[in-house]
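*Asks:* Sharing a model prediction with you, sequence too.
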Amino acid sequence: MSLADLPPLREVLAEHGLLANKSFGQHFLLDLNITRKIARLAEVGEGDTVIEVGPGPGGLTRALLETGARVVAVEMDRRFLPLLGDLAEAADGRLTVVQGDAMKADMAALADGGPAHMVSNLPYNVGTPLLVNWLTGPFRPTSMTLMFQKEVADRIAATPDDDAYGRLAVLSQTVCTARVVMDLPARAFTPPPKVASAVARLVPLSPAPDAALVSAVEKVTAAAFGQRRKMLRSSLKALGGGALCERAGIDPDARAETIDVAGFQALARALMG
Ligand code: SAM
């Protein structure tokens, strides 16, 4: 059977007797028009390798395979393995399924030492920790096109003075350019989650920032946004307070939410000495 001949996803789920399991954060996209749109936004195609976390019934996986890309999919829930095996057969060797926890997976090994794009409809319960792992880890994906709950996507792409601006925006935008490229209502998923979702697209900056700078940015933003209503001279006290701000050329009376990403990088560099 070829990809084009595969039955609709609802039929495949019924045939395998599969229902969503909440403990795995399972909310499926069964409309191929939507998953094809995500694959287009990811800008992947023939010759590309894509790592997908949580293929589940494989709706996004099918759309990614239709672009001609090779897909390595990491799924924790063993119940989906037979169904994904059928999809792998239809994809003529372009789909590799790995059973396991993406939080513990070695992305460079999954990419076989080469470049890879990450494209996923992430499980809500581990979406943010997975992204932070990828932003701070040794593997640099070519791009990341990731579905989160909308509130998290907004926090990734936020700018100073947005309510959503905080640690995740500064870390994401220190390592990548970040944009929200698609919004999806809860009803697009089966079963629908309680909140809306959105796709964030992150493209790593070139050249990559030093690992030491990224780590210092994490320290400074944890302190500054940990007490976001306080002035920096007070919230950053343990890291050098007013003197640190002055070395970085940042107003010590300012509050975290008004400092842009470059400002936090200046504070991080001052911390590194
Ligand atoms: N990609 C599918 C879709 O769009 O219909 C499913 C998305 S669903 C939101 C998240 C998927 O991630 C589920 O299949 C779930 O079993 C899987 N998952 C949850 N936690 C995981 C983890 N730690 N590692 C790998 N997969 C995980």
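*Replies:* Perfect, I can see it now.

*Asks:* Just the buried positions in whichever strand or helix holds residue 216, please.
*Replies:* Using DSSP states H and E, residue 216 maps to helix 211-226. By 16 or more other C-beta atoms under 10 Å, the buried positions in helix 211-226 come out as 213, 214, 216, 217, 218, 219, 220, 221, 223, 224, 225. Any C-beta I mention is one placed from the backbone N, CA and C, and that applies to glycine too.

*Asks:* Now do the contacts for the residue in the stretch 151-273 of the chain positioned nearest to the ligand.
*Replies:* Closest residue of the stretch 151-273 of the chain to the ligand, C-beta to the nearest ligand atom: residue 189 (7.4 Å). Contacts for residue 189 (C-beta atoms under 8 Å, 6 or more residues apart in numbering) come out as 27, 28, 29, 197.

*Asks:* So which bits of the stretch 101-250 of the chain are right by the ligand?
*Replies:* Listed as neighbours of the ligand in the stretch 101-250 of the chain under the rule C-beta under 6 Å from any ligand atom: 101, 102, 103, 121, 123, 126.

*Asks:* could you pull out the strands for the stretch 1-150 of the chain?
*Replies:* For the stretch 1-150 of the chain, the strands defined by DSSP state E, counting those that start in this stretch cover 49-53, 70-75, 95-99, 117-121, 144-149.

*Asks:* Walk me through which strands the last one pairs with, and which way each runs.
*Replies:* The reference is to strand 144-149. strand 117-121 (parallel), strand 197-204 (antiparallel) (DSSP bridges).

*Asks:* do the second one as well
*Replies:* The strands that strand 70-75 pairs with in its sheet are strand 49-53 (parallel), strand 95-99 (parallel) (by DSSP bridges).

*Asks:* at contact distance from the ligand, anything in that strand?
*Replies:* Yes - using C-beta under 6 Å from any ligand atom, strand 70-75 reaches the ligand at 74, 75.

*Asks:* could you list every residue that touches the residue of the chain found nearest the ligand?
*Replies:* Nearest residue of the chain to the ligand: residue 54, at 2.1 Å (C-beta to the nearest ligand atom). Residue 54 makes contact with 24, 25, 74, 75, 76, 102, 120, 121, 122, 123 under the criterion C-beta under 8 Å, 6+ apart.

*Asks:* If we use 7 Å, what do you get?
*Replies:* 75, 120, 121, 122, 123 (C-beta atoms under 7 Å, 6 or more residues apart in numbering).

*Asks:* rewinding a little: now, of the contacts of residue 189, which are buried?
*Replies:* Judged by 16+ other C-beta under 10 Å, buried ones among those: 27, 28, 29, 197.

*Asks:* So which residues of the stretch 1-150 of the chain form helices?
*Replies:* Using DSSP state H, counting those that start in this stretch, the helices of the stretch 1-150 of the chain run over 9-15, 32-41, 59-66, 81-90, 107-110, 127-136, 150-157.

*Asks:* Contacts for stretch 252-261 next, please.
*Replies:* With C-beta under 7 Å, 6+ apart, stretch 252-261 has contacts from 160-161, 165, 170, 173-174, 224-225, 228-229, 231-233, 235, 242, 245-246, 250.

*Asks:* So how do I select the buried members of those residues in ChimeraX?
*Replies:* Burial among the contacts of stretch 252-261 is assessed by 16+ other C-beta under 10 Å; the matching ChimeraX selection reads:
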select :165,170,173,174,224,225,231,232,233,235,242,245,250
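
*Asks:* Spatially, what comes nearest to residue 197 if we skip its sequence neighbours?
*Replies:* residue 184 (4.6 Å; C-beta to C-beta, 6 or more residues apart in numbering).
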